[in-house]
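>>> Based on what follows, work out the 3D shape:
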Amino acid sequence: MKKFTLSMLLIIIPVILMCTTWTVRQDGNGDFETIQEAINDQNVVNGDVLIVYYFFGDTPYGPVDLNSKQLEIRAFSSSYPVINASSTYPAVDMGSADYSILDGFVITGTSSQTGILISGIDQINIENCIIEDLSIGISISYSQYIDIDDCIIRGNATGCTIADPYPYPSRVIMHITDLYDNTRAIFLNGLYDISMYSCLMSDNDEAIRMTDLTNLTYLYNCTVTANEAGFIWGTGSDIDINSSIVWDNDTNFTNTPNNLDIEYSCIEDGYTGTGNTDDDPQFCMETNYEFNLLEGSPCIDTGDPNTTGGDVRIDMGCHETTMDIKECEGNHWNWVSFPKLVRDDDDEDEATDFLENFLDWPFNLDMLHISNTNPVLQYFISSSSWTPTSYDAFSSRGYKIDPQDTGDHYLPSQNGATRLAANWELDYTLPANTNNWM
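The predicted model follows:
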């Protein structure tokens with residue numbers, strides 16, 4: 001066994017050392033001008049890395065066929081180069097390119113085309129891609145260990161389809177991926193094993209449709225909401241849903257699966273299972289915070305007790321709570337207290353200093369200490385400044401704020417602040433031995 005291990009190391013190490021990084025730039029300043037040109041070059045070999053640049057106004061790349069080469073194809077610095085499908089070829093054909101990585105691209109085409117074709121492959125990673133406006137965003141068959149990570153899949157007839165005739169199962173893991181505005185977000189047809197972690201499925205005609213063939217589907221910390229149909233089960237389906245939210249779909253469940261196990265989840269109209277609730281999850285819908293949980297949500301810290309997010313029990317749903325988001329109605333005074341802090345003395349302090357540590361206000365506002373003897377403290381978003389610049393705070397009782405605008409506002413704790421553990425303390429901002437929640 002030792003001889004085998006050593007020989008394997010002797011084989012693997014030279015391959016790693018010989019990997020080459022190539023650049024692809026359409027302006028002619030790279031090693032190649034197109035992705036396909038790089039793939040076709042005999043000097044580009046298994047294990048090499050292609051760094052693809054994007055320039056404003058350039059024509060899209062594609063279509064791309066890996067021709068069985070095992071490559072890492074990565075966008076330069078989150079620039080999201082575009083790869084277009086053609087009338088006859090998918091945008092990216094992974095071919096038999098086992099152990100390849102596609103990272104950081106926009107994959108697009110028309111409603112009659114396929115984005116990424118994966119067939120007969122072991123271990124492919126699709127990362128940080130936007131896959132949109134296609135007939136099929138990702139088509140998977142006869143493949144194992146396909147990882148789809150941190151992607152956006154939107155505006156497709158079918159976002160992701162997994163189809164396998166027996167006895168060739170596909171094994172797919174989808175993590176931190178948003179699927180929305182698709183006719184059908186996911187279509188499962190055949191023998192497969194799909195696990196979804198921290199995924200969002202919203203505003204689709206159908207979130208997940210399954211056929212009647214045997215399958216295993218696992219959803220952990222997922223949010224399925226605002227779809228016309230949530231889940232359309234196959235009669236042979238086995239499903240395990242944990243620490244997830246299924247809410248506000250026209251229909252949550254259609255048909256009866258072979259086995260359905262739901263625990264520690266928020267299910268509209270209820271579902272029998274350990275730790276489940278049917279209380280409103282209280283989503284925040286402010287831009288950039290959609291489907292995060294508002295302060296007081298019954299889904300905060302109530303997910304699977306055997307799993308923790310940091311120092312606390314995980315939440316239900318796709319977004320783990322790392323900040324407290326409080327809803328404030330605009331155009332009149334609102335009461336806001338401070339995070340749970342402790343100060344070691346009762347001396348006055350600078351209100352502007354500790355407010356800037358915990359709140360990045362998204363609008364102009366007036367802030368008034370509860371004592372009527374103190375003047376109004378004003379914040380101007382245009383200059384990110386306070387007036388007056390010096391403002392003494394004496395009380396832990398909180399402040400009243402006026403957002404000076406109509407409509408609802410969500411005030412997340414930002415500027416480096418995170419959700420605070422119950423025993424967290426800071427040595428200033430509040431009178432000694434006084435706890436106060438924001």
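>>> any idea which residue sits dead centre in the protein?
When CA atoms, centre = their mean is applied to the chain, the residue found nearest the centroid is Ile176 (3.7 Å).
>>> That residue and Cys299: what is the separation?
In this view, Ile176 and Cys299 are 18 Å apart by CB to CB, to the nearest Å. C-beta: built from backbone N, CA, C; applies to glycine.
>>> Now for the residue nearest to the centre of the chain: which residues touch it?
Asp149, Asp150, Tyr197, Ser198, Cys199, Cys318 (CB atoms under 8 Å, 6 or more residues apart in numbering).
>>> The residue lying closest to the last one once chain neighbours are set aside pairs with what?
Leaving aside its sequence neighbours, Cys318 sits nearest to Thr223 (CB to CB, 6 or more residues apart in numbering; 4.2 Å). In this structure, Thr223 has the following beta-bridge partners (DSSP bridges): Leu200, Ile245.
>>> Thr223 contacts Glu320, correct?
No - Thr223 sits out of contact with Glu320 when judged by CB atoms under 8 Å, with a separation of 11.5 Å.
>>> Could you check how many residues crowd around the nearest residue to Met285 once chain neighbours are set aside?
Leaving aside its chain neighbours, Met285 sits nearest to Phe291 (7.6 Å; criterion: CB to CB, 6+ apart). Residues lying near Phe291 (other CB atoms under 10 Å) number 19.
>>> same check, this time on His319
For His319, the neighbour count with other CB under 10 Å is 20.
>>> Return the residues in contact with Leu293.
Pro281, Gln282, Phe283, Cys284, Cys299, Ile300, Asp315, Gly317, His319, Thr321, Ile325.
>>> swap in Asp98?
Here Asp98 is in contact with Gln70, Ile121, Asp122, Gln123, Ile124 (criterion: CB under 8 Å, 6+ apart).
>>> On the three-state scheme, the last one is what?
What it means is Ile124. Secondary structure state of Ile124, per DSSP: H, G, I helix; E, B strand; the rest coil, is strand.
>>> Apart from its neighbours in sequence, what residue is nearest it?
Nearest to Ile124 is Ile146, by CB to CB, 6+ apart, at 5.1 Å.
>>> just to revisit the earlier point, would you convert the contacts of Ile176 into a markdown table that also reports neighbour count?
Listed next are the contacts of Ile176 as a markdown table, based on neighbours: other CB atoms under 10 Å:
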| residue | neighbour count |
| --- | --- |
| Asp149 | 16 |
| Asp150 | 16 |
| Tyr197 | 17 |
| Ser198 | 21 |
| Cys199 | 25 |
| Cys318 | 26 |
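>>> and of those, the nearest to Ser78?
Set against Ser78, the nearest of the contacts of Ile176 by CB to CB is Asp150 (11.4 Å).
>>> State the pLDDT value of that closest one.
pLDDT, Asp150: 97.
>>> Mind jotting down where the helices sit in the protein?
Taking DSSP state H, the helices of the chain run over residues 2-17, 35-40, 351-358.
>>> surely Val44 meets Glu37?
No - using CB under 8 Å as the test, Val44 is too far from Glu37 to be in contact (9.4 Å).
>>> Which of the two has more residues huddled nearby?
Using other CB under 10 Å, the more surrounded residue of Val44 and Glu37 is Val44, with 19 against 12.
>>> and the more buried one, what is it in contact with?
Counting by CB under 8 Å, 6+ apart, Val44 has contacts Thr20, Trp22, Ala38, Leu50, Lys69, Leu71.
>>> Model confidence score at it, please.
Predicted confidence (pLDDT) for Val44: 96.
>>> from the contacts of Leu293, which ones fall inside strands?
Among the contacts of Leu293, the ones falling in strands (DSSP state E) are Phe283, Cys284, Ile325.
>>> Let me see the contact set for the nearest residue to Phe76 once chain neighbours are set aside.
The shortest distance from Phe76 to any non-neighbouring residue, by CB to CB, 6+ apart, is to Tyr53 (4.7 Å). Shown in contact with Tyr53 (CB under 8 Å, 6+ apart): Thr23, Val24, Arg25, Gln26, Asp27, Gly30, Phe76, Ser79, Pro81.
>>> switch the cut-off to 7 Å
By CB atoms under 7 Å, 6 or more residues apart in numbering, the residues touching Tyr53 are Thr23, Val24, Arg25, Gly30, Phe76, Ser79, Pro81.
>>> returning to what we had before: so which of the ones in strands among the contacts of Leu293 wins on neighbours?
Neighbour-wise, those (other CB under 10 Å) top out at Phe283, 22 neighbours.
>>> Give me the phi and psi for the closest residue to that residue other than its chain neighbours.
Of all residues not flanking Phe283 in the chain, Phe291 sits nearest, at 5.2 Å (CB to CB, 6+ apart). Main-chain torsions, Phe291, degrees, to the nearest 10: phi 70, psi 10.
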